[in-house]
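Chemist: Pasting the sequence and the predicted model now:
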Amino acid sequence: MRRKLKESVSIGALSFLLPCAAAFAYAYYVAGWNLQAAQISGIALSTTSVAIVYAVMVETGLNKTEMGKIILAACFVTDLGTVLALGVLFAHYDYWMLLFIAATVIAIYLLPKITPWFQSTFGNRVSQIEVKYLLLALFLPGGLALQAGSEAVLPAYLLGLAMADFFNREKELLKRLSAVTFAFLPRHEESPD
């Protein structure tokens, strides 16, 4: 387990850092871009799409293999690096940022403790209030992140890490959340040519 975690973190960190540094260096030193543009190019060219990789892995069944799990975890680490870099480099450091950090830390601490109770008390009903509760828990810190000029998706990554054990036990709830999430994503139709 530890070896797989180390592999995932190492692959993910390198798959973020190496392209980020190379793209930044080229844009800044060779192409002559300004610092902020070079930073954005480095970050933009070093990211993956966990949503797409996850969807393909689930459809092919590769998410159940050891290699698939390592690849998914590495993609997560890569995207976390992207979100952290964007959030740190381009945020507004004011009282909104302090409020965002405080709310996120409180949510990371409380949600893993409160959510199992909430699920056992109110979950598995037709109204699916547990899905609404979890979306609220994501959208509140996400809204504060936007106010702070940071990345709204950052709390989702951090809360996902904090809630991993809970979702490992609650697979049906995870499927319902995935369905809601993928329903929000735009679908691209292929042209009939």
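Modeler: Arrived safely, thanks for sending.
Chemist: mind listing the helices for this protein?
Modeler: Secondary structure of the chain (DSSP state H): helices located at 2-25, 35-44, 50-60, 66-89, 95-122, 129-147, 154-162, 164-169, 171-184.
Chemist: Flag every buried residue along the last one.
Modeler: Of all the residues in helix 171-184, those buried under the rule 16 or more other C-beta atoms under 10 Å are 173, 177. Where C-beta positions appear, they are placed from N, C-alpha and C, glycine not excepted.
Chemist: Present the helices of the chain as JSON lines; the columns should include mean pLDDT.
Modeler: Converted to JSON lines, these look like this (pLDDT from 0 to 100):
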{"stretch": "helix 2-25", "mean pLDDT": "89"}
{"stretch": "helix 35-44", "mean pLDDT": "93"}
{"stretch": "helix 50-60", "mean pLDDT": "82"}
{"stretch": "helix 66-89", "mean pLDDT": "87"}
{"stretch": "helix 95-122", "mean pLDDT": "93"}
{"stretch": "helix 129-147", "mean pLDDT": "91"}
{"stretch": "helix 154-162", "mean pLDDT": "88"}
{"stretch": "helix 164-169", "mean pLDDT": "90"}
{"stretch": "helix 171-184", "mean pLDDT": "84"}
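Chemist: In terms of residue numbering, what are the domains of the chain?
Modeler: Domain assignment of the chain by automatic domain parsing yields the ranges 1-90, 92-186.
Chemist: Give the burial count for the residue nearest to Ala73 when sequence neighbours are not counted, as a bare number.
Modeler: Computed as C-beta to C-beta, 6 or more residues apart in numbering, the closest residue to Ala73 that is not its neighbour in sequence is Ser8, at 3.4 Å. Neighbour count for Ser8, taken as other C-beta atoms under 10 Å: 19.
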